[in-house]
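In: sequence-free structure coming up:
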């Protein structure tokens, strides 16, 4: 079965600094990969997704993620963080052959310092 | 477009009580699911449905029932609430499967005392 690991429980960055959130997955084939963001008291919102093709995926709110098969990673990046980016970020992985096997990571909490 | 609507937003139950968490979507999505979110554990799938009349168990189904009589609605029933069911519950829908990307409701925070 596939799984996803987010090694960083909490990250703090200064406003305007760059950001990279790590995500590692375990799966025998090419998975479907996702990043979601959760603001306090809200549901999750899809930031971006990777199915196939170009390994650099652009998402909403200026985020991007890069699929690296050799490292089993799908890290989320943003060149310049805004205070409004403070939230919880979840990586998720889905199976290619069945969409019913879908797993979320435990999340990374982002704090942005003014 | 309302998206995915969950009610109630907050609920306190006594151990042994039953209740139904409501979920409705207006996007004509075939796939609907219920997750629970607990600190440090991410989101775990409780039950899901691939269409009206079809439901199946996820990772943590014990103590919960679901039904899907219409495309729009997917209620989650707690049969006999236990303190271990204290959690935040999210309903999510997708066009066909989770691999299309979910639209989430805003959640129900449930406390069982």
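Out: In hand now; what should we look at? As the structure is a computational prediction, the values presented were derived from the model and not from experiment. Residues are numbered from 1 along each chain as shown, chains lettered A, B, ... in the order given.
In: Where does the prediction get shaky in chain A?
Out: For chain A, the stretches flagged by pLDDT under 70 are A:1, A:28, A:96-101.
In: So which residues of it form strands?
Out: In chain A, the strands defined using DSSP state E lie at A:3-5, A:10-14, A:19-21, A:24-26, A:32-38, A:44-50, A:56-58, A:64-68, A:73-78, A:87-94, A:102-104, A:108-113.
In: For residue B:29, report the pLDDT, please.
Out: For residue B:29, the model assigns a pLDDT of 95.
In: Tell me, how many residues neighbour the closest residue to residue A:52 other than its chain neighbours?
Out: Leaving aside its chain neighbours, residue A:52 sits nearest to residue A:30 (6.7 Å; criterion: C-beta to C-beta, 6 or more residues apart in numbering or on different chains). Bear in mind the C-beta positions are built from the backbone N, C-alpha and C, glycine included. Residue A:30 has 12 neighbouring residues, counting by other C-beta atoms under 10 Å in any protein chain shown.
In: sorry, back to before: redo the strands of chain A as CSV? Include distance to residue B:106.
Out: Formatted as CSV, those follow (distance: least, C-beta to C-beta, whole Å):
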stretch, distance to residue B:106
strand A:3-5, 24
strand A:10-14, 23
strand A:19-21, 23
strand A:24-26, 28
strand A:32-38, 10
strand A:44-50, 10
strand A:56-58, 26
strand A:64-68, 25
strand A:73-78, 23
strand A:87-94, 14
strand A:102-104, 17
strand A:108-113, 19
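In: Next, format these as JSON lines and append distance to chain B.
Out: JSON lines is the format used below for these (distance: least, C-beta to the nearest C-beta, whole Å):
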{"stretch": "strand A:3-5", "distance to chain B": "8"}
{"stretch": "strand A:10-14", "distance to chain B": "11"}
{"stretch": "strand A:19-21", "distance to chain B": "14"}
{"stretch": "strand A:24-26", "distance to chain B": "13"}
{"stretch": "strand A:32-38", "distance to chain B": "4"}
{"stretch": "strand A:44-50", "distance to chain B": "5"}
{"stretch": "strand A:56-58", "distance to chain B": "12"}
{"stretch": "strand A:64-68", "distance to chain B": "14"}
{"stretch": "strand A:73-78", "distance to chain B": "14"}
{"stretch": "strand A:87-94", "distance to chain B": "4"}
{"stretch": "strand A:102-104", "distance to chain B": "4"}
{"stretch": "strand A:108-113", "distance to chain B": "11"}
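In: would you turn the ones you listed into JSON lines with mean neighbour count?
Out: Listed next are the strands of chain A as JSON lines, based on neighbours: other C-beta atoms under 10 Å in any protein chain shown:
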{"stretch": "strand A:3-5", "mean neighbour count": "17"}
{"stretch": "strand A:10-14", "mean neighbour count": "13"}
{"stretch": "strand A:19-21", "mean neighbour count": "18"}
{"stretch": "strand A:24-26", "mean neighbour count": "17"}
{"stretch": "strand A:32-38", "mean neighbour count": "24"}
{"stretch": "strand A:44-50", "mean neighbour count": "21"}
{"stretch": "strand A:56-58", "mean neighbour count": "14"}
{"stretch": "strand A:64-68", "mean neighbour count": "18"}
{"stretch": "strand A:73-78", "mean neighbour count": "20"}
{"stretch": "strand A:87-94", "mean neighbour count": "24"}
{"stretch": "strand A:102-104", "mean neighbour count": "24"}
{"stretch": "strand A:108-113", "mean neighbour count": "16"}
